[in-house]
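Participant: the sequence and its predicted three-dimensional model are supplied below.
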Amino acid sequence: MKRIIIDCDPGIDDTLALIYLAAAHHEGAIELEAVTTTAGNVGAQQCAVNAAWVLSECGLRTIPLAAGMPGPLEVELTTTPETHGDTGLGYVSAPARHVETDWDALWCDAIDRGTDDLHLIVTGPMTNLAAFRRLHPRHFTQLKHITVMGGAVDYPGNTTETAEWNFWVDPHAAREVLAHAPTPVTLCSLGVTETMVLDPEALARVVDTLGPAPIARSLSEILRFYFEFHDDEGLGYLAQVHDLLTVQVALGTTLFDAQPHALDVHAVTGELRGTSFVAGGKTNARVVSRADTGAAHAEFLRACGVHAKFFGGSGELDAARHARAED
Ligand code: RIB
Ligand code: CA
């Protein structure tokens, strides 16, 4: 069974990724070992409050969770309330709560339990991963499976003409991780993640399929903000759900093609900030070039059905896991 750490910045598409991972955990396909948050869409603490609420609305209240680094390695933190809403969940606000900050201890503990089946997924800026290398270099080199959402490789950016948001927020972190990656990073960059699009009709099917799962009550208002943002950007009333595709690639539940590359990142301020480019040298990334997004949407709907069963009291899921929803 894959053991998963997700480092995220919920964030609306991160929320869909968490919903998917929660379903996989319920059905015993993965062990969701830890959720940590990175500053990006909103601040790291707020991301942690959001992540804790989303997991709770998905029936998971005891997953180890912590807020990560407060901001990028070297540049000032820039957040994007205009994209994900003032608190990061569109028109919804998660209730305030205390969150822990021992994110790196969670990662070290997981690594100490073994790394053959441990998969780290990063769906926000790579600040925590780069900081982890500086704080715990020996543990960093033991990581064997890393999947990242970020970059725009030979593809237009979504933040500047050439840079993707996660890489732009912390360009130094992106550059350092790729320069010292202990294993080639599976990179879901914009060229493939922008093909994963949720529209209102598809969202209606998701909400309907979620049935009694509490998260279903809020998802329309969370996504409405994202639909409006994309519409204002001239992309149509839809949502590019980058992080949902990324976690499916990481779990291997959607078919994809990837090519090896040696990537570098312009860790500078100015117009090239955060721009990823193919350099020479040792392969440090497997850049995902294509994914079966039709199958990915179907797989997400199937996962939403798992939540409906879990909250519907169906006997089809492990009773022990069902009991967990009540804790
Ligand atoms: O560029 C898209 C990425 O930036 C996604 O991870 C989205 O959540 C935002 O963080
Ligand atoms: Ca994200």
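Facilitator: Thanks, I have the structure now. Ligands and ions are numbered 1, 2, ... in the order given.
Participant: now the residue in the chain positioned nearest to ligand 1: phi and psi?
Facilitator: Scanning the chain for the residue nearest ligand 1 gives residue 165, at 3.7 Å (criterion: CB to the nearest ligand atom). (C-beta placed from N, C-alpha, C; glycine too.) For residue 165, the backbone dihedrals (degrees, to the nearest 10) come out as phi -60, psi -50.
Participant: contact partners for it?
Facilitator: By CB atoms under 8 Å, 6 or more residues apart in numbering, the contact set of residue 165 is 40, 80, 150, 158-159.
Participant: okay, the spatially most central residue of the chain and ligand 2: tell me how far apart.
Facilitator: The chain has residue 123 as the residue nearest its centroid, 3.1 Å off, counting by CA atoms, centre = their mean. Plainly put, residue 123 is 4 Å away from ligand 2 if you go by CB to the ion, to the nearest Å.
Participant: now do the same contact list for that residue.
Facilitator: By CB under 8 Å, 6+ apart, the contact set of residue 123 is 6-9, 11, 13-14, 17, 148-149, 166, 242-243, 246-247.
Participant: filter those residues down to the ones close to ligand 2.
Facilitator: With CB under 5 Å from the ion as the criterion, the contacts of residue 123 include 9, 11, 14, 243 near ligand 2.
Participant: JSON lines for the residues you listed, including secondary structure and neighbour count?
Facilitator: Shown next, in JSON lines, are the ones next to ligand 2 among the contacts of residue 123 (DSSP: H, G, I helix; E, B strand; the rest coil; neighbours: other CB atoms under 10 Å):
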{"residue": "9", "secondary structure": "coil", "neighbour count": "34"}
{"residue": "11", "secondary structure": "coil", "neighbour count": "31"}
{"residue": "14", "secondary structure": "helix", "neighbour count": "33"}
{"residue": "243", "secondary structure": "helix", "neighbour count": "30"}
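Participant: can you sort out which of these also neighbour ligand 1?
Facilitator: 9, 11, 14, 243 (CB under 6 Å from any ligand atom).
Participant: after the helix or strand encompassing residue 23, next one along is what?
Facilitator: Assigned by DSSP states H and E, residue 23 belongs to helix 12-26. Using DSSP H and E, the helix or strand that follows helix 12-26 in sequence is strand 30-37.
Participant: that next one - contacts with which helices or strands?
Facilitator: strand 2-8, helix 12-26, helix 44-57, strand 65-67, helix 103-112 (3 or more CB pairs under 8 Å, 6 or more residues apart in numbering; DSSP states H and E).
Participant: hmm, try it at 10 Å
Facilitator: Helices and strands touching strand 30-37, as assessed by 3 or more CB pairs under 10 Å, 6 or more residues apart in numbering; DSSP states H and E, comprise strand 2-8, helix 12-26, helix 44-57, strand 65-67, helix 103-112, strand 118-122, helix 127-135, helix 242-251.
Participant: quick one: buried residues of the second one?
Facilitator: Read it as helix 12-26. Under the neighbour-count criterion of 16 or more other CB atoms under 10 Å, helix 12-26 has 12-26 buried.
Participant: try the third one
Facilitator: With burial defined by 16+ other CB under 10 Å, the residues of helix 44-57 counted as buried are 44-57.
Participant: how about those residues in CSV, adding pLDDT?
Facilitator: Converted to CSV, the buried residues of helix 44-57 look like this (pLDDT from 0 to 100):
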residue, pLDDT
44, 98
45, 98
46, 98
47, 98
48, 98
49, 98
50, 98
51, 98
52, 98
53, 98
54, 98
55, 98
56, 98
57, 98
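Participant: closest one of those residues to residue 189?
Facilitator: Nearest to residue 189 out of the buried residues of helix 44-57 is residue 47 (CB to CB; 21.5 Å).
Participant: contact partners for the residue nearest to the closest one when sequence neighbours are not counted?
Facilitator: Nearest in space to residue 47, with sequence neighbours left out and distances taken as CB to CB, 6 or more residues apart in numbering, is residue 37 at 3.6 Å. Neighbouring residues of residue 37 by CB atoms under 10 Å, 6 or more residues apart in numbering: 6-11, 14, 43-52, 65-69, 88, 99, 101, 103, 124, 128.
Participant: hmm, 7 Å instead?
Facilitator: For residue 37, the contacting residues are 8-9, 44, 47-48, 51, 67-68, by CB atoms under 7 Å, 6 or more residues apart in numbering.
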